[in-house]
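Undergrad: Give the three-dimensional model of this entry:
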Amino acid sequence: MNLFADIRTRVISCLDQMVVEGTLPAGLSTAAVSVEPPRDAAHGDMATNAAMVLAKPAKMNPRAIADALAAKLLNDPMITVAEVAGPGFLNMRLDAGVWQGVVKTALTDPTFGQSTLGQNAKMLVEYVSANPTGPLHVGHTRGAVFGDALARLLDYAGYDVTKEYYVNDGGAQVDVLARSVYLRYLQAHGQDVEFPEGTYPGDYLIPVGEALKAKVGDAFVGKGEDVWLLEIREFATDAMMDLIRVDLASLGVTMDTFFSEKSLYGTGLIEKAIGELDEKGLIYRGTLEPPKGKMPEDWEPREQTLFKSTEHGDDVDRPVQKSDGAWTYFAPDIAYHYDKVQRGFDQLIDVFGADHGGYVKRMKAAVSALSDGKVPLDVKLTQLVKLYKNGEPFKMSKRAGTFVTLSDVVKQVGPDVTRFHMLTRKNDAPLDFDFDKVLEQSKDNPVFYVNYAYARVNSAVKKAGAFTAVDDATLAGIDLSGLTHEAELGVIKKLAEWPRLVEIAAKSHEPHRIAFYLYDLASDFHALYNRGNDETDLRFVQESDSDATQAKIALIRAVAIVISHGLGILGVTPAEEMR
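TA: Down below sits the predicted model:
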């Protein structure tokens, strides 16, 4: 049930009648007609822009359209007031019974808020995709939480979602990992070692070196890279991916698939992808002009093989093969996305760190070219996270050597707090993460405030259950006509926004909107709770009136149900009680 969509359907029906009657000309598109909450709640329950968007194509005064539409809408028993405002906006008020029906729906329909927006379209969300050279750090944490919440949101909105991790195991950084593990392996054999600049000195490789010793004994001691590099590469990569999976699991993140970059090499996949672009006339030999500003790694002042990415929205054409015949780092990424397209996904989402901002246009160009513009790619960038504790920047992890790890964060505050707080800002806005504040029990701490609302509902339900039936099935069948106070209706109206909010968040790929909504819903709930301190008829438990108690418990159970659904999208477990 999406009440806003329902009222919009009724508005469109009235407009169709006006066409039949000759009030409006035929052939008007109503695609831009919307029904949404008014900016000022004092103006009504819902507002439509119908007259404003139809005035120009209809060649009519918007107020004339609005007046005629208002007259039609007033024939609908759901609508009690339809008033024209300003140049032609139409504000509506709904019958109290409509709002009370929202509570019943929330109690009886387990899919309340879910959407068919996605139409079961196949969506691939690629996120985290950190180099397998060490434990995940706090930057990866934000990307992991964002990507996972986005995938959950899209699933809730009716998409067929696959969550994927791209394992960067084909580059030179894995050679560096292998050499670093070899040093720990020698250390496990009692040798003193030094870590040259550029290697990975973190303590997390100590057990990997010891495990390698247990596997091969002294077979690699004193031997050259030609003997051990390939084997240790594979051994170390597997060990790091095991570590990464454990880190992700501690955050409640599981992937459907892991795609190996290494699988692109020597299999013809890169050649096939570039060949596909070549067949489309998008590959040529040429020399790029030297770029202004910082020189990119893939620029060469000599002829090389280029992709005409400018024909698909990029700023400049991009090299895919160097003058010596070696692939650029962009080539395997093209092949990887070619594989995504070939797997039949209808839409793609890549979640990158903020340092990949310059990579967005070229990747979109590649997908556009490979799919003939049929498969959209949305690239979401996650900005940096600044950590604080006791008012001071939180120092690096000794275990990692150079950064704060995901496990550091989760051990400090737990997965639920970590996840919720990572979604209290839009993904492309910087985020401050203060270990003290995120555990604070106050209104300023969103995760506490939302969980406190859920726990308060449970407490009230338990108290009411001592003298009346409070199971959802019973509550759904009772008379709710007593829920007419403005504060109670305010909470119900916020509940009614839930299905609409889900669709908005899913369309924009913005799961932070769910966290914002939950905070607003919790605020409205707490305000109603606090008003009960002074106005006894608003208290949830009316011990002398079982019917009134059941109606109020029905309302707040609906609140708890929506909070539970919303937290589920965020990957957060609701707190049954607060200590």
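
Undergrad: all contacts plus neighbour counts: C-alpha atoms, from now on.
TA: Will do.

Undergrad: Give the full set of residues in contact with residue 165.
TA: Each residue near residue 165 by Cα atoms under 8 Å, 6 or more residues apart in numbering is listed here: 126-129, 255, 257-259.

Undergrad: export those to CSV and tack on neighbour count, distance to residue 366 and pLDDT?
TA: Converted to CSV, those look like this (neighbours: other Cα atoms under 10 Å; distance: Cα to Cα, whole Å; pLDDT from 0 to 100):
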residue, neighbour count, distance to residue 366, pLDDT
126, 25, 16, 98
127, 26, 19, 98
128, 26, 21, 97
129, 20, 19, 95
255, 16, 25, 98
257, 12, 22, 98
258, 14, 21, 98
259, 16, 19, 98
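
Undergrad: quick one: which of those sit in helices?
TA: Members of the contacts of residue 165 lying in helices (criterion: DSSP state H): none.

Undergrad: so which of those comes closest to residue 301?
TA: residue 129 (31.6 Å; Cα to Cα).

Undergrad: From residue 447, how far off is the closest one?
TA: 27 Å (Cα to Cα, to the nearest Å).

Undergrad: Which helix or strand contains the residue nearest the centre of the chain?
TA: By Cα atoms, centre = their mean, the mean C-alpha position of the chain lies nearest to residue 150, the distance being 2.5 Å. Following DSSP states H and E, one finds residue 150 within helix 138-156.

Undergrad: What's the mean pLDDT across that helix?
TA: Helix 138-156 comes out with an average pLDDT of 97.

Undergrad: and what of stretch 220-240?
TA: Mean predicted lDDT for stretch 220-240 stands at 96.

Undergrad: Tell me where the stretch 401-550 of the chain is predicted with low confidence.
TA: 401-402 (pLDDT under 70).

Undergrad: Could you pull out the helices in it for me?
TA: Counting by DSSP state H, counting those that start in this stretch, the stretch 401-550 of the chain has helices at residues 406-413, 415-422, 446-464, 472-476, 486-496, 498-508, 512-531, 546-570.

Undergrad: In terms of secondary structure, what does the longest one contact?
TA: To tie it back to what came earlier, the one meant is helix 546-570. Secondary-structure packing of helix 546-570 (3 or more Cα pairs under 8 Å, 6 or more residues apart in numbering; DSSP states H and E): helix 96-108, helix 138-156, helix 446-464, helix 472-476, helix 486-496, helix 512-531.

Undergrad: Between helix 415-422 and that helix, find me the angle.
TA: Comparing the axes of helix 546-570 and helix 415-422 via axes from the mean of the first three to the mean of the last three Cα atoms, to 10 degrees yields an angle of 80 degrees.

Undergrad: got the buried residues for helix 546-570?
TA: 547-570 (16 or more other Cα atoms under 10 Å).

Undergrad: Any idea how far it is from the middle of the chain?
TA: Offset of helix 546-570 from its chain centre (Cα atoms, centre = their mean, to the nearest Å): 24 Å.

Undergrad: for the fifth one, same thing?
TA: Between the centre of helix 486-496 and the centre of its chain there are 26 Å (Cα atoms, centre = their mean).

Undergrad: Only alpha carbons, please: show it as PDB.
TA: Written as PDB, here are the backbone C-alpha positions of helix 486-496 (Å, rounded to 0.1, in the frame of the first residue of the first chain):
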ATOM      1  CA  GLU A 486      -3.100  15.700  15.800                       C
ATOM      2  CA  ALA A 487       0.000  14.100  17.400                       C
ATOM      3  CA  GLU A 488      -1.300  10.600  16.700                       C
ATOM      4  CA  LEU A 489      -2.300  11.500  13.200                       C
ATOM      5  CA  GLY A 490       1.100  13.100  12.700                       C
ATOM      6  CA  VAL A 491       2.800   9.800  13.500                       C
ATOM      7  CA  ILE A 492       0.400   7.900  11.200                       C
ATOM      8  CA  LYS A 493       1.200  10.400   8.400                       C
ATOM      9  CA  LYS A 494       4.900   9.700   8.800                       C
ATOM     10  CA  LEU A 495       4.200   6.000   8.600                       C
ATOM     11  CA  ALA A 496       2.200   6.600   5.400                       C
END
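
Undergrad: Tell me the buried residues in it?
TA: For helix 486-496, by 16+ other Cα under 10 Å, it's 487-496.

Undergrad: Which two among these are spaced furthest apart?
TA: 487 and 496 (14.4 Å).

Undergrad: Just the closest of the buried residues of helix 486-496 to residue 54, please.
TA: Nearest to residue 54 among the buried residues of helix 486-496, with distances taken as Cα to Cα, is residue 496, at 27.0 Å.

Undergrad: from what I can see the closest one touches residue 102, true?
TA: Yes: using Cα atoms under 8 Å, residue 496 makes contact with residue 102 at a distance of 6.3 Å.

Undergrad: What segments of the stretch 301-450 of the chain are strands?
TA: Taking DSSP state E, counting those that start in this stretch as the criterion, the stretch 301-450 of the chain carries its strands at 304-307, 318-321, 347-353, 377-382, 385-389, 392-393, 431-434.

Undergrad: Make CSV out of the ones you listed and add distance to residue 337 and mean neighbour count.
TA: Output for the strands of the stretch 301-450 of the chain, formatted as CSV (distance: least, Cα to Cα, whole Å; neighbours: other Cα atoms under 10 Å):
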stretch, distance to residue 337, mean neighbour count
strand 304-307, 15, 21
strand 318-321, 14, 24
strand 347-353, 9, 21
strand 377-382, 10, 22
strand 385-389, 28, 16
strand 392-393, 38, 10
strand 431-434, 30, 18
